[in-house]
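J.: Could you work out the structure for the sequence below:
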Amino acid sequence: MGPGGTLAKYAALGHRVAFVTATDGGAGRLGAERPTTDAGRAELRAVRRAETRAAAVALGAESLGFFGWDDGKLAELDVLDVEEAIAAVIRRERPDVVLTFHGSGISYHPDHRVITLAVMGAVHGAARPRWYRSMSVNDLAPHRVSKLYAYVPRADAPYWRDWPREIYAAPDDEITTIVDTQATADVKWAAIEKHASQQSGPPFRALWTAGAFREECFVRLRPESPVGATKETDLLDGVDDFDR
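T.: Numbers count the residues shown, from 1 in each chain. Here you go, the predicted model:
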């Protein structure tokens, strides 16, 4: 629903694109209703996993699996445990570029905000030996991510003005990178359609028809972009120039 067009773009160009899902989706909707029984929530979790895998296929991305944490309850976990789990993924998969939520969580969702904090810590710690208390993480070779980005909606884009939920949309001077996703806008919509259980949620179809998927915006968190710098158009630009 966020950077899907960007993921599809780089996958189509032949880059390996992969992601991990943090929570189990058990607090969401199954159609128009939120399940209230253990059996209903178990069904929802299974449906959400299948939908996520199907969306990954549509995007040309690879699902690395699910941490399986309780949906809506990440703030109850030790954020250092969350960070270690993400750092282990970074050390195993060794990405050049990592994407995460904007620090606001975009919709101010606490799960999103915890993930952002943990990813920022993990990108730092994954590059350094003996950084973590868990031997399962420390036994993995350190890896330095070249670039870290946060996806964010654009404040001056007209299609966000009537969005039914409160979101954080970044002003132009915060956005460092704008990726042209015109060629993969329909692919992004096809991936969103795989989440059939969520079609009673926010009206993503309206965004698609309004042209919102033709570009995607990011804030570069690592290395920080100099004030006044020309906006990037490629997340991989200069990757080989940054110290790993």
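J.: the strands in this protein, which residues?
T.: Taking DSSP state E as the criterion, the chain contains strands spanning 18-23, 62-69, 97-101, 147-152, 177-180, 215-222.
J.: looking at it, Ile192 is touching Gly5, isn't it?
T.: No - because the distance of 10.5 Å does not satisfy CB atoms under 8 Å, Ile192 is recorded as not touching Gly5. Using the backbone N, CA and C atoms, a C-beta is placed for each residue, glycine as well.
J.: Of those two, give the one with the bigger neighbour count.
T.: Between Ile192 and Gly5, counting by other CB atoms under 10 Å, Gly5 is the more crowded of the two (25 against 21).
J.: how close does the residue nearest to that one when sequence neighbours are not counted sit to Ala169?
T.: Computed as CB to CB, 6 or more residues apart in numbering, the closest residue to Gly5 that is not its neighbour in sequence is Thr181, at 3.1 Å. Spatial separation of Thr181 from Ala169 under the definition CB to CB, to the nearest Å is 17 Å.
J.: ditto for Tyr132
T.: Between Tyr132 and Ala169 the computed distance is 35 Å (CB to CB).
J.: Name whatever forms a beta bridge with the residue most central in space within the chain.
T.: The chain has Thr100 as the residue nearest its centroid, 4.5 Å off, counting by CA atoms, centre = their mean. In this entry, Thr100 is beta-bridged to Ala150, by DSSP bridges.
J.: what's it in contact with, if anything?
T.: Residues in contact with Thr100, defined by CB atoms under 8 Å, 6 or more residues apart in numbering, are Ile115, Thr116, Val119, Met120, Leu148, Tyr149, Ala150, Tyr151.
J.: Please tell me how far it sits from Asp240.
T.: As defined by CB to CB, Thr100 lies at a distance of 22 Å from Asp240.
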